[in-house]
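1. just to be clear, the model below is a prediction. Sequence and coordinates:
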Amino acid sequence: MNPGINISTNKKLFGKNDELVIHVWFSQDFPIFTTLLIKSPSGEILDSSYLKGQKGITETFAFTCSEMMKENGKYSIIVDCNGEKSEKIFEYYDSRNKFEPSNYI
C-alpha cells in the first residue's frame with residue numbers, strides 16, 4: 001500500500017446501475033506508467049484506465065455497475081504505478097447474483 005496514492009469512492013456498497021465515482025489523488029509524482037484497475041472478487045479485471053500520476057492532481061472516474069458484475073462481494077480498485085500500489089475495496093450486491101455474506105462495511 002503506497003501512502004502517496006490516495007483512492008476514495010462516493011460510497012462503499014453498490015447495486016445494479018449504481019454509479020461508482022472514484023477519486024485518485026497523488027501526494028507525489030509518479031512519472032512512470034500508472035494504471036487504475038477494477039477487479040471482481042474472483043480476480044477478473046472489469047475496467048482499466050491510464051492515469052497521469054501527477055502530484056497534487058485529483059483524477060476522477062465514473063463506472064456504472066452493470067451486468068458485467070456477475071458476482072456479489074468485495075471488488076477492488078487498484079492503482080498501480082510501476083509496482084507501487086494502493087487499493088480500495090467496495091462491495092457490490094445484486095439480488096440476481098449468488099450472495100456470499102461478508103464482514104465488510
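-> Received, thanks.

2. can we go C-alpha only for contacts and neighbour counts from here?
-> Will do.

3. can you pull the contacts of residue 77?
-> Residues in contact with residue 77 (Cα atoms under 8 Å, 6 or more residues apart in numbering) are 36, 37, 38, 39, 87, 88, 89, 90.

4. all strands of the protein, in order?
-> Using DSSP state E, the strands of the chain run over residues 5-9, 13-14, 19-26, 34-39, 45-51, 58-64, 73-81, 84-92.

5. could you tell me how many residues sit around the nearest residue to residue 75 once chain neighbours are set aside?
-> In space, and not counting its chain neighbours, residue 75 is closest to residue 40: 4.9 Å by Cα to Cα, 6 or more residues apart in numbering. Close neighbours of residue 40, defined as other Cα atoms under 10 Å, add up to 22.

6. for residue 40, what are its contacts?
-> Residues near residue 40 by Cα under 8 Å, 6+ apart: 46, 69, 71, 74, 75, 76.

7. same thing but 10 Å
-> Shown in contact with residue 40 (Cα atoms under 10 Å, 6 or more residues apart in numbering): 46-47, 68-77, 91-92.

8. center of the protein - which residue?
-> The chain has residue 77 as the residue nearest its centroid, 2.1 Å off, counting by Cα atoms, centre = their mean.

9. what's the most buried one of the strands of the chain?
-> Most buried of the strands of the chain by mean neighbour count (mean count of other Cα atoms under 10 Å) is strand 73-81; its value is a mean of 22.

10. okay, the angle between that one and strand 45-51?
-> Using axes from the mean of the first three to the mean of the last three Cα atoms, to 10 degrees, the direction of strand 73-81 lies 30 degrees away from that of strand 45-51.

11. relative to strand 84-92, how tilted is strand 73-81?
-> Between strand 73-81 and strand 84-92, the angle comes out at 160 degrees (the same axes, to 10 degrees).
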